[in-house]
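Asker: give me coordinates for this.
(chains A and B)
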Amino acid sequence: MAQNAEHVLDHVELFRGPEYQQMLANKKKMFENARDPAEVERIREWSKTPEYREKNFAREALTINPAKACQPLGAVFASVGFESTLPFVHGSQGCVAYYRSHLSRHFKEPSSCVSSSMTEDAAVFGGLNNMADGLANSYNMYKPKMIAVSTTCMAEVIGDDLNAFIKTSKERGSVPEHFDVPFAHTPAFVGSHITGYDNALKGILEHFWDGKAGTAPKLERTPNEKINFIGGFDGYTVGNTREIKRIFDLMDVQYTILADNSDVFDTPTDGEFRMYDGGTTLEDAANAVHAKATISAQQWCTEKTLAFIAGHGQEVLAFNHPVGVSATDELLMALSRVTGKEIPEALARERGRLVDAIADSSAHIHGKKFAIYGDPDLCYGLTAFLLELGAEPVHVLSTNGNKAWHDKMQALFASSPFGQNCTAYPGRDLWHMRSLLFTEPVDFLIGNTHGKYLERDTGTPLIRIGFPIFDRHHHHRSPLWGYQGGMNVLVKILDKIFDEIDRKTSAAGTDYSFDIIR
Amino acid sequence: MSFARTESIEEIKARNKDLIQEVLTVYPEKTGKRRAKHLNVHEAGKADCGVKSNLKSIPGVMTIRGCAYAGSKGVVWGPIKDMIHISHGPVGCGQYSWGSRRNYYAGTTGIDTFVTLQFTSDFQEKDIVFGGDKKLVKLIDELQELFPLNNGITIQSECPIGLIGDDIEAVSKAKSKEYGGKTIVPVRCEGFRGVSQSLGHHIANDAVRDWVFDRLTPEKSRFESTPYDVAIIGDYNIGGDAWSSRILLEEMGLRVIAQWSGDGSLAELEATPKAKLNILHCYRSMNYISRHMEEKFGIPWCEYNFFGPSKIAESLRKIAVYFDDSIKEGAERVIAKYQPLVDAVVAKYRPRLEGKTVMLFVGGLRPRHVIGAYEDLGMEVVGTGYEFGHNDDYQRTAQHYVKDGTLIYDDVNGYEFERFVEKMQPDLVGSGIKEKYVFQKMGVPFRQMHSWDYSGPYHGYDGFPIFARDMDMAINSPVWRKTKAPWKAAAEPRLMAAE
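Answerer: Here you go, the predicted model:
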């Protein structure tokens, strides 16, 4: 018996003991009808080959380990960015349990969201009663200022009409007549979580700007000096949004963050559970129509939203996850141009510090090969930064990237001598990435938590940047954007590079290369 | 100091009843009437806990429940390690359930075992419009080509499959035939079916019956039996639970021929009808198939509980009764062997945990099974309830586990649970990830009792020290003394969890 009370062994150590190893070996031999180990090894080796890669890339129907989630998750993520707003997902309830778990596992925070709990009868007769009862219940229990409705694939397949349902629910007295219930159709079989973010945000702005589903006059735009900023679906929303606010304040820019969920995903532990915290006020959401311009940090998260805003007469600008020196330069210069405000010396000094850090350390990154996967904008931003560092991106893969993303990525590669051997892979998944890493190896992989299996399979060290990050804590509190965000990303990459050198030297048991000074 | 230790039973009951009434006032009338049936105070001697269960959740409340897909893919089928489980439909369901349940297994992932991979048909709009059967056919061909060592395939239906009328049974049959009788199992676990994940367990059990057992051939059943063969049913090997259980059964002289379904394989499912006894841990998720095996193959089943030394010893003896004296002696030998460990754990942790109160809300078996383990450490469970329990779960709870006056809440929602905890001030809450951070913000120590908060195993004698350590670290963590800023503490007379 290995276990003891004084030094408790949990799963990390317990099962590695001889009694458990023997037990597992017996189970495999006697009961599992397991495959011949030589055969397993043969297939494993085959799965690393160009031949396997070819078959793998020929897949048409099967998706394995995709790096994307479904629309409603993005809708929930956007909705909680408004003051005291309860996301309400019309459809079957299990989905909401999944969205809440998924967000909680990443942010280590509560995630509040309700569903209309549709079951078989609603599948047959439609979900109107579920909507009407559900709105009444959540309005009474959770005292929101706004309920933002989105859908699941179930409600979409049976064709429930949100506009009509919400109207009827109000007539039945579920919520007061002038209570804000914006909505967006977010079928899970179209696009991904970034599409859902886009649809929900557009739905909310449309609600406030275009007459609240026919119940109020449309807003007349009277331009002011404010700037709207949209972060997009972003696992680093806590750190990034705060960094953006700091930059705006330094520049003395008047701004509205649209869908500001940085506080609700970062509430204090002080004896009180805050179901709602922070968020864009409903008044600000309405008044955002008057802004001078809207800046989005993520192009592919906000395509429809920006088109909608542009249709109301504002200038709109989209960036692609502004990581690093040039991307931040562009953001600040655009901001300066639009607002007429000067970029303050404080930011110029921050810029200089990031350039200083890159100059100090770039020798360690120069020429290193990278593979990257994630959402389309994140991939773009990280790749641009790597090129700036003199690294060589080789594979950039985005499951929810499209043709336009592919072309823009290829143009980015072409813009730098360090990008000459890089390929963008839209619509591919992490099993494709596995083949790429075996057949065209790189030095480092950048991606979310799911990349840890690729790290183990292929031996490519993983730098965790993306969503979701489940198996490391609190990274989302540090920004990726701005010069300071660039510094965080730089340190993250360098730490892994140095850890790898140490790990390799330790494994070799040598004293050479195991340096104190680098 | 909690209420429970300073009040009489009658005072506790009255207070809990008042609490229920207070919570119900927030609802619209119709909803309040429905919820009232699910909240009660346990009366000792009653046959059940006095609540209705397994009814639809109310729209618009924050139910903690999941869906039938979660019950089938996430719980029952997903852990079968040498089969490939296709999340058939849009991408989300498979993505959110990917790797989230810690069903440990041994094998070469991606080559001969597949639990921690996410296979999906990633439905697009055209699949909804034209149907997904053709895509499924092609997908199975692609699986066969890329994963030639898979021992079987299951098709886990997501919501749209049933709604658009795809015939996954026909596809399964045709492809099975084409691949020489390969086991390909269609599972109709669309998320809108039933009221919770519970129906998904039942549907998954029925799929085992129809698509594994009913296709057993003499060749597949070629299995050399012994008089001591048992199968572990309803242990999902969270953090290795089934392993720390299996080792005890083997030590007492039994032979475990199958694990369901954590670290399980298709061969083990097929071997189970040859067992002499099925021993059932999670009654809720696997009683159906156990009853079926009893009817069809004449295999008796018995429930057991491997949380905490009292229940472990009771269960080992209960299992041994089905066998000869050598096994009964084996049970005593195992109990005696581990007694020093148990004594050391209790001696170390009980003084730190004595008198602490716990409120639970989980699924499956845990709202009752873990109570004994808490009691072994001197703790008291003052409130409990099931996400998706049925009436027979509440009967089992009433008759074997809870004390007079315990607050019972079926399908509790976020609002109710928060109010109950706020008023009852337990020293620990045990529930899931969605509840964890809510209560920690309130300053209440918390352990996830689905995933063991990424710890475990908790089952068996090797699991008990981990359970005790984890409860101690949760309750006695220094962090809970920091919840209130010192300059604000004076203004707040009631400190949560402070002594």
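
Asker: only C-alpha atoms for contact and neighbour calcs from this point on.
Answerer: OK.

Asker: any idea which helix is longest in the chain?
Answerer: Since no chain was named, I'll use chain A. Scanning chain A for the longest helix, with DSSP state H as the assignment, gives helix A:482-508.

Asker: my bad, the chain I had in mind was chain B
Answerer: Secondary structure of chain B per DSSP H: the longest helix is helix B:325-353.

Asker: name the helices or strands packed onto the next helix or strand after that one?
Answerer: On the C-terminal side of helix B:325-353, the nearest following helix or strand under DSSP states H and E is strand B:357-360. Contacts defined by 3 or more Cα pairs under 8 Å, 6 or more residues apart in numbering or on different chains; DSSP states H and E place strand B:357-360 against strand B:380-384, strand B:428-431.

Asker: what's next to the helix or strand that strand B:357-360 is followed by, contact-wise?
Answerer: Next along the chain after strand B:357-360, taking DSSP H and E as the criterion, comes helix B:366-369. Identification of contacts with helix B:366-369 by Cα atoms under 8 Å, 6 or more residues apart in numbering or on different chains yields B:305, B:307, B:360, B:361, B:384, B:385, B:386, B:397, B:401, B:402, B:449.

Asker: swap in 10 Å and give it another go.
Answerer: B:281-282, B:304-308, B:311, B:359-362, B:381, B:383-387, B:389, B:393-394, B:396-398, B:400-402, B:430-431, B:449-450 (Cα atoms under 10 Å, 6 or more residues apart in numbering or on different chains).

Asker: mind giving me the ChimeraX select for those residues, buried ones only?
Answerer: This is how ChimeraX selects the buried members of the contacts of helix B:366-369, with burial counted by 16 or more other Cα atoms under 10 Å in any protein chain shown:
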select /B:281,282,304,305,306,307,308,311,359,360,361,362,381,383,384,385,386,387,389,393,394,396,397,398,401,402,430,431,449,450
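
Asker: any residue of stretch B:450-469 up close to chain A?
Answerer: Yes. Stretch B:450-469 reaches chain A (Cα under 10 Å from any Cα of the partner chain) through B:454-458, B:461-469.

Asker: which members of the residues you listed occur in helices, if any?
Answerer: Those of the residues of stretch B:450-469 next to chain A lying in helices (DSSP H): B:461, B:462, B:463, B:464, B:465, B:466, B:467, B:468, B:469.

Asker: which residues does the nearest residue to residue B:485 once chain neighbours are set aside contact?
Answerer: With Cα to Cα, 6 or more residues apart in numbering or on different chains as the criterion, residue B:485 has its nearest non-adjacent residue at 7.6 Å, and that residue is residue A:270. Going by Cα under 10 Å, 6+ apart, residue A:270 touches B:440, B:441, B:442, B:443, B:480, B:482, B:483, B:484, B:485, B:496.

Asker: find the centremost residue of chain B, please.
Answerer: residue B:364 (4.1 Å; Cα atoms, centre = their mean).

Asker: show me what secondary structure element comes after the helix or strand that contains residue B:408.
Answerer: Here residue B:408 sits within strand B:407-409, counting by DSSP H and E. Downstream of strand B:407-409, the next assigned helix or strand under DSSP H and E is helix B:414-424.

Asker: can that following helix be said to contact chain A?
Answerer: Yes. Shown here: helix B:414-424 in contact with chain A (Cα under 10 Å from any Cα) through B:414, B:415, B:416, B:418, B:422.

Asker: give me the buried entries from these.
Answerer: Among the residues of helix B:414-424 next to chain A, the ones that count as buried by 16+ other Cα under 10 Å are B:414, B:415, B:416, B:418.

Asker: what's the closest of the helices and strands packed on strand B:357-360 to residue A:39?
Answerer: Evaluated over these, closeness to residue A:39 peaks at strand B:428-431, with 43.1 Å, by Cα to Cα.

Asker: restricting to C-alpha, output that closest one in PDB.
Answerer: The C-alpha coordinates for strand B:428-431 follow below in PDB (Å, rounded to 0.1, in the frame of the first residue of the first chain):
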ATOM      1  CA  LEU B 428     -18.400  24.000   2.900                       C
ATOM      2  CA  VAL B 429     -20.400  23.800  -0.300                       C
ATOM      3  CA  GLY B 430     -19.900  20.800  -2.700                       C
ATOM      4  CA  SER B 431     -21.300  21.300  -6.200                       C
END
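
Asker: what's the average pLDDT for the helix or strand just after it?
Answerer: Downstream of strand B:428-431, the first helix or strand assigned by DSSP H and E is helix B:433-441. For helix B:433-441, the mean per-residue pLDDT is 98.

Asker: helix B:433-441 packs against which elements?
Answerer: Counting contacts by 3 or more Cα pairs under 10 Å, 6 or more residues apart in numbering or on different chains; DSSP states H and E, helix B:433-441 packs against helix A:93-107, helix B:414-424, strand B:428-431, strand B:446-448.

Asker: now tabulate those in a markdown table and tack on distance to residue A:162.
Answerer: Below are these laid out as a markdown table (distance: least, Cα to Cα, whole Å):
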| stretch | distance to residue A:162 |
| --- | --- |
| helix A:93-107 | 17 |
| helix B:414-424 | 25 |
| strand B:428-431 | 34 |
| strand B:446-448 | 36 |
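
Asker: count the neighbours of residue A:54 for me.
Answerer: Neighbour count for residue A:54, taken as other Cα atoms under 10 Å in any protein chain shown: 12.

Asker: same check, this time on residue A:442
Answerer: 21.

Asker: low-confidence ranges, the stretch 151-300 of chain B, go.
Answerer: B:221-222 (pLDDT under 70).

Asker: from what I can see residue B:394 touches residue B:283, true?
Answerer: No. With contact defined as Cα atoms under 10 Å, residue B:394 does not reach residue B:283; the gap is 11.9 Å.

Asker: tell me which element residue A:149 is part of?
Answerer: strand A:146-151.

Asker: so for that strand, what's the average pLDDT?
Answerer: So the average pLDDT for strand A:146-151 ends up being 98.

Asker: what does stretch A:182-196 give?
Answerer: For stretch A:182-196, the mean per-residue pLDDT is 98.

Asker: keeping just the C-alphas, turn it into CSV.
Answerer: Extracted C-alpha coordinates of stretch A:182-196, given in CSV (Å, rounded to 0.1, in the frame of the first residue of the first chain):
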residue,chain,number,x,y,z
PRO,A,182,-32.6,42.8,-27.8
PHE,A,183,-32.2,39.5,-29.7
ALA,A,184,-30.1,37.7,-32.3
HIS,A,185,-30.5,34.5,-34.2
THR,A,186,-27.3,32.5,-33.6
PRO,A,187,-27.6,29.0,-35.1
ALA,A,188,-24.8,26.8,-34.1
PHE,A,189,-24.5,25.3,-37.6
VAL,A,190,-23.4,28.6,-39.1
GLY,A,191,-20.0,30.1,-38.4
SER,A,192,-18.5,29.9,-35.0
HIS,A,193,-18.4,31.7,-31.6
ILE,A,194,-17.0,34.8,-33.4
THR,A,195,-20.1,34.9,-35.7
GLY,A,196,-22.3,34.7,-32.6
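
Asker: how about it, does it get close to chain B?
Answerer: Yes. Judged by Cα under 10 Å from any Cα, stretch A:182-196 comes into contact with chain B at A:187, A:188, A:189, A:190, A:191, A:192, A:193.

Asker: by neighbours, which of those wins?
Answerer: residue A:188 (29 neighbours).

Asker: can you give me the distance of that one to residue B:92?
Answerer: As judged by Cα to Cα, to the nearest Å, residue A:188 and residue B:92 stand 7 Å apart.

Asker: overlap of the contact sets of the two?
Answerer: Joint contacts of residue A:188 and residue B:92 (Cα under 10 Å, 6+ apart) are A:69, A:70, A:71, A:72, A:73, A:152, A:153, B:122, B:123.

Asker: among those residues, which are in helices?
Answerer: Those of the shared contacts of residue A:188 and residue B:92 mapping onto helices are A:71, A:72, A:73, A:153, per DSSP H.
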